[in-house]
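Engineer: only geometry, no sequence info:
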Ligand code: 13P
Ligand code: SF4
């Protein structure tokens, strides 16, 4: 049945001149029908490369907004309206204005996991794979980093020459993993390498063999000579790696590292979205889009 749905999706994609972008945290059946699969930075880079008139963004809302910001002429659809990212909504514009007033000589750097409205107030966006490079490339010495203090802490250790102001925020999925999970997993799999996402707590990243974005973790595991890996990010990565590399063994650092928002979208939702019976078209006020675009353009320029 899944294959039948996938075949209908592939036919409709052609008929409707649509393309599917998917974040790596989507389920495997969705990745199989996607035109591009990647991390947040890869999705931003590919948002305007496609010549399709419709883009279906399988991920969460801020990713669909990012595509619309970069490709306003395209029809951008989010298959499930409720697929949000709780971290992206932790700050509202008024809270950010207050922070900026408290740190007037700081440059605001926003993790891409923020709403379009919040991006209008930021100087530069970063993703987990581009943050270190971008912040090193920036002229500014003082950085107000929002909203993820765990990613902020990780970056500040990689760029010690700059001064960081972090706030209390983060990914509710990645903070579930603890030092005890690492001790347990290491004891159970003594030959495995530990690969984690920088959204994890510092106690976890400090114990890892490799820290990187979702795509970076996948590439590391694929290219490594090691045979066993403990994966400290959303558990779909454990499944994708297990399917593409059955000769290797992948273990979840915690069975609880599941992002329910990323799992809201199913393969049937993608079909309904293409058929026009479900999904939300992303619409942004032009003034919001243009102001938010500046921070994403800066990210792409400094991340090259
Ligand atoms: P990356 O796509 O940069 O790895 O970030 C992971 C994430 O949590 C996306 O919401
Ligand atoms: Fe947001 Fe975390 Fe889910 Fe990514 S994994 S979408 S940051 S809640």
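Structural biologist: Received it, and whenever you're ready, just let me know what you need. From a predicted model like this one, the values you see are computed outputs, not experimental measurements. Ligands and ions are numbered 1, 2, ... in the order given.
Engineer: measure how buried whichever residue of the stretch 1-150 of the chain sits closest to ligand 2 is and give me the count.
Structural biologist: Nearest to ligand 2, among the residues of the stretch 1-150 of the chain, is residue 85, at 3.3 Å (Cβ to the nearest ligand atom). All C-beta spots, glycine's among them, are computed from the backbone N, C-alpha and C. When counting by other Cβ atoms under 10 Å, one arrives at 22 neighbours for residue 85.
Engineer: okay, residue 50: pLDDT?
Structural biologist: pLDDT, residue 50: 80.
Engineer: give the contact list for it.
Structural biologist: Applying Cβ atoms under 8 Å, 6 or more residues apart in numbering, we find residue 50 in contact with 19, 21, 35-36.
Engineer: ok, now residue 243?
Structural biologist: residue 28.
Engineer: can you check residue 43 too?
Structural biologist: 21, 23, 36, 57, 59, 63, 66-67.
Engineer: which among these gets closest to ligand 1?
Structural biologist: Ligand 1 has its nearest neighbour among these in residue 23, at 6.1 Å by Cβ to the nearest ligand atom.
Engineer: now that closest one. Nearest residue, chain neighbours left out?
Structural biologist: Nearest non-adjacent residue to residue 23, counting by Cβ to Cβ, 6 or more residues apart in numbering: residue 59, 3.7 Å away.
Engineer: what's the answer for residue 232, then?
Structural biologist: Spatially, and ignoring its direct neighbours in sequence, residue 232 is nearest to residue 196 (3.2 Å; Cβ to Cβ, 6+ apart).
Engineer: which residues sit in contact with the nearest residue to the residue of the stretch 1-150 of the chain closest to ligand 2 once chain neighbours are set aside?
Structural biologist: Among residues not flanking residue 85 along the chain, residue 60 sits closest, at 4.4 Å (Cβ to Cβ, 6+ apart). Contacts here follow Cβ under 8 Å, 6+ apart; on that basis residue 60 touches 23, 83-85, 88, 261-262.
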